[in-house]
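> Pasted the sequence and its predicted model underneath.
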Amino acid sequence: MSIRRLISEIFACRGAVARLASLSAACALAPQFLAACGTVPETGRSQMMLLSLSEERQLGEAAYTETLAQAKTISSGPDYARVQRVGQRIADASVRRYPQAVEGFQWQFALIDTPEVNAWMLPGGKSAVNTGLLTVATSDDELAVVMGHEAAHAIARHGGERVSRAMAVEIAAGIVSETGQVSPELIDGVLAGYGAVGETAFSRSEETEADEIGLLIAADAGYDPRAAVGFWRKMSSQGGEKPPEFLSTHPNDDKRAARLEALMPKALAIYEEAKRAGR
């Protein structure tokens with residue numbers, strides 16, 4: 001099933017539940033469908049989550065399959081081996097730190113041949129790194145910081161949270177028609193949250209949260225967390241036009257580096273413990 005069809009069916013189902021909720025016979029059932037609250041590991045932030053884990057991972061799997069089908073992937077060579085090596089250590093550290101959050105993850109790490117400096121991970125541990133990123137993240141420590149950050153998005157269920165916000169709008173505004181059709185614009189917005197079209201559009205607060213969780217994952221995996229500050233300063237010096245921070249979904253690179261420096265004592269303690277454990 002295509003991801004567009006899957007999104008349409010999930011949203012149409014929620015729309016039907018919303019309409020049923022107006023009937024007295026269904027009122028008692030409505031809360032379990034229309035309201036849910038989760039907690040982000042590590043930060044403890046409360047989040048609205050209307051998407052089940054099963055639905056979220058179905059979306060992640062569909063987006064991953066469709067995205068890789070349209071990409072030129074690399075499946076051998078030193079860069080591929082590097083991504084697999086770092087990725088597996090990030091996966092192992094994620095399991096150690098957040099076992100419940102990653103239960104059932106089927107970790108995969110693809111290498112995509114494109115100059116775009118980017119990496120991403122979808123629900124269920126489906127990840128990709130662009131070759132362009134490897135030209136900036138030249139050390140394994142730097143690559144681990146990025147891959148840890150992307151793993152953090154999946155662990156914190158940021159994609160599911162984005163879809164849940166769209167669902168809340170759909171339920172409130174009745175975007176799903178009586179025939180069960182969902183607007184193409186709404187589907188495109190959800191796809192963006194899963195990296196299937198355009199850039200992954202997480203909010204600045206979610207990016208900052210992923211920076212924190214990802215830094216600790218990288219440290220637990222035995223990678224020097226101090227590389228994070230240098231990496232983001234390196235990204236800041238890449239040049240090119242960037243939108244002002246208030247227009248961007250990503251934190252300002254310099255501010256991001258400053259926040260990471262503030263987290264460094266905790267991350268370094270985890271890193272030292274990882275080294276003593278032989279990681």
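Looks like it arrived, so ask away. Numbering: from 1, shown residues only.
> For stretch 113-132, list the C-alpha coordinates in CSV.
Output in CSV follows, covering the C-alpha atoms of stretch 113-132 (Å, rounded to 0.1, in the frame of the first residue of the first chain):
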residue,chain,number,x,y,z
ASP,A,113,24.3,9.1,-3.2
THR,A,114,23.3,12.8,-3.2
PRO,A,115,25.3,16.0,-2.4
GLU,A,116,22.6,17.3,-0.1
VAL,A,117,23.9,17.5,3.5
ASN,A,118,21.3,15.6,5.3
ALA,A,119,20.3,12.5,7.2
TRP,A,120,17.0,11.2,8.6
MET,A,121,15.3,8.4,10.6
LEU,A,122,11.7,7.3,10.3
PRO,A,123,9.6,5.5,12.9
GLY,A,124,10.8,2.0,13.5
GLY,A,125,14.5,2.7,13.0
LYS,A,126,14.5,3.2,9.2
SER,A,127,17.3,5.6,8.5
ALA,A,128,19.3,7.1,5.7
VAL,A,129,22.5,9.2,5.4
ASN,A,130,23.3,11.3,2.3
THR,A,131,26.9,11.1,0.9
GLY,A,132,26.9,14.9,1.1
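> Just say helix, strand or coil for Ser54.
The three-state assignment at Ser54 reads helix, by DSSP: H, G, I helix; E, B strand; the rest coil.
> burial of it, as a residue count?
Using other CB atoms under 10 Å, Ser54 has 9 other residues around it. (C-beta placed from N, C-alpha, C; glycine too.)
> before we move on, what SS does Ala128 have?
Three-state call for Ala128 (three-state DSSP): strand.
> Can you tell me the element the residue nearest to it when sequence neighbours are not counted falls in?
Residue nearest to Ala128 in three dimensions, not counting chain neighbours: Ala110, with 4.2 Å by CB to CB, 6 or more residues apart in numbering. Ala110 belongs to strand 108-112 when assigned by DSSP states H and E.
> Residues touching that strand, excluding its own?
For strand 108-112, contacts defined as CB atoms under 8 Å, 6 or more residues apart in numbering pick out 64, 68, 71-75, 79-80, 83-84, 87-88, 125-131, 147.
> Quick one: buried ones out of those residues?
When the contacts of strand 108-112 are checked for burial by 16 or more other CB atoms under 10 Å, the buried set is 64, 80, 83-84, 87, 125-131, 147.
> Which elements pack onto the helix or strand containing Ala62?
In the assignment (DSSP H and E), Ala62 maps to helix 53-69. When contacts are defined as 3 or more CB pairs under 8 Å, 6 or more residues apart in numbering; DSSP states H and E, helix 53-69 packs onto helix 3-20, strand 108-112, strand 119-122, strand 126-130, helix 158-173.
> one more time with 7 Å
Applying 3 or more CB pairs under 7 Å, 6 or more residues apart in numbering; DSSP states H and E, one finds that helix 53-69 contacts helix 3-20, strand 119-122, strand 126-130, helix 158-173.
> which helices and strands sit right next to the shortest one?
It refers to strand 119-122. Contacts defined by 3+ CB pairs under 7 Å, 6+ apart place strand 119-122 against helix 53-69, strand 126-130, helix 140-155.
> what pairs with that strand, and is each one parallel or antiparallel?
With DSSP bridges as the test, strand 119-122 is paired with strand 126-130 (antiparallel).
> continuing past the partner strand, what's the next helix or strand?
Following strand 126-130 in sequence, per DSSP H and E, is helix 131-134.
> Give me the average confidence score over that next one.
The average pLDDT for helix 131-134 rounds to 96.
> which outside residues touch it?
Around helix 131-134, the neighbours that count as contacts under CB atoms under 7 Å, 6 or more residues apart in numbering are Asp79, Leu111, Ile112, Asp113, Thr114, Pro115, Glu116, Val117, Asn118, Ala119, Val146.
> Now do the same contact list for Gln58.
Leu6.
> From Arg162, how far out is it?
The gap separating Gln58 from Arg162 is 15 Å, by CB to CB, to the nearest Å.
> So what's the residue count around the closest residue to Arg96 other than its chain neighbours?
Take Arg96 and drop its neighbours on the chain: the residue closest to it by CB to CB, 6+ apart is Asp220, 6.1 Å away. Neighbour count of Asp220, defined by other CB under 10 Å: 24.
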